[in-house]
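> Model the structure of this input:
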Amino acid sequence: MKYSIVGIDLAGSEKRNTGVCYLENHILKTTILKKDQDILNLVVSLKPELLCVDAPLSIPAGRKNLEDRSGEHLRECDKLLLKMGIKFFPVTLGPMRMLTKRGIKLKNKLEKMIKDIEIIEVFPGGFYDILNLQRKNKKQIVDYYNVLLQEFGWKIEKIDLSQDELDSITCFLTGIFYLSGKAFVLEGKDGKIVLPKK
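Numbers count the residues shown, from 1 in each chain. Coordinates of the predicted model:
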């Protein structure tokens, strides 16, 4: 099966690091970008069929916008995350508002720029929790990934990964689980989040 996937661990601001992961010649490559235009340029050049983004890509139903303080704070998919005991920051929380706006803006632009692209919201924190990996234990996560990638004959290019790069690999791998039928979707009328099956 050919996997045409890009994983993005999106930062809330162009001043902070965004991690991007993609597959090239059996090597999982990662890079750090900051500017929206650089992210758009790279994704368009790769023309993925599936883009997996660690950022909220929708706002709660009934909320006019993210500045509306009277609206709902959680989406239906967020409430399902809560039921699973997975910790996360609501889309209406200070810095998350910036991230959500940026995620939605990039999604809308890329859907116009790349024909037939599917863009899904993923959550590395939830990925780690479901697979019993400690969220900030890089060695444990990389060791697990190296074993997983051996099945495909793939390797991770870098040895010393930043947390943003590691999370971008997690976004990419969520896409692999999704396309392989080994993921489930927390879905509501106002958005969905894709997570791996245990």
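> can you pull out the helices in the chain?
Counting by DSSP state H, the segments of the chain that form helices are 36-46, 76-83, 94-113, 124-130, 138-150, 163-179.
> Go through the ones you listed and pick out the most buried.
helix 163-179 (a mean of 24; mean count of other C-beta atoms under 10 Å). For the C-beta atoms, the positions are set from N, CA and C on the backbone; glycine is no exception.
> and that one with helix 138-150, angle?
Comparing the axes of helix 163-179 and helix 138-150 via axes from the mean of the first three to the mean of the last three C-alpha atoms, to 10 degrees yields an angle of 40 degrees.
> C-alpha coordinates for helix 163-179, CSV please?
These are the backbone C-alpha positions of helix 163-179, laid out as CSV (Å, rounded to 0.1, in the frame of the first residue of the first chain):
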residue,chain,number,x,y,z
GLN,A,163,9.4,17.2,20.8
ASP,A,164,7.8,19.0,17.8
GLU,A,165,9.4,16.5,15.4
LEU,A,166,8.5,13.5,17.5
ASP,A,167,4.9,14.7,17.7
SER,A,168,4.8,15.2,13.9
ILE,A,169,5.9,11.6,13.5
THR,A,170,3.0,10.6,15.8
CYS,A,171,0.6,12.6,13.6
PHE,A,172,2.0,10.8,10.5
LEU,A,173,1.7,7.4,12.2
THR,A,174,-1.9,8.2,13.2
GLY,A,175,-2.5,8.5,9.5
ILE,A,176,-1.0,5.0,8.9
PHE,A,177,-3.3,3.5,11.6
TYR,A,178,-6.3,5.4,10.0
LEU,A,179,-5.6,4.2,6.4
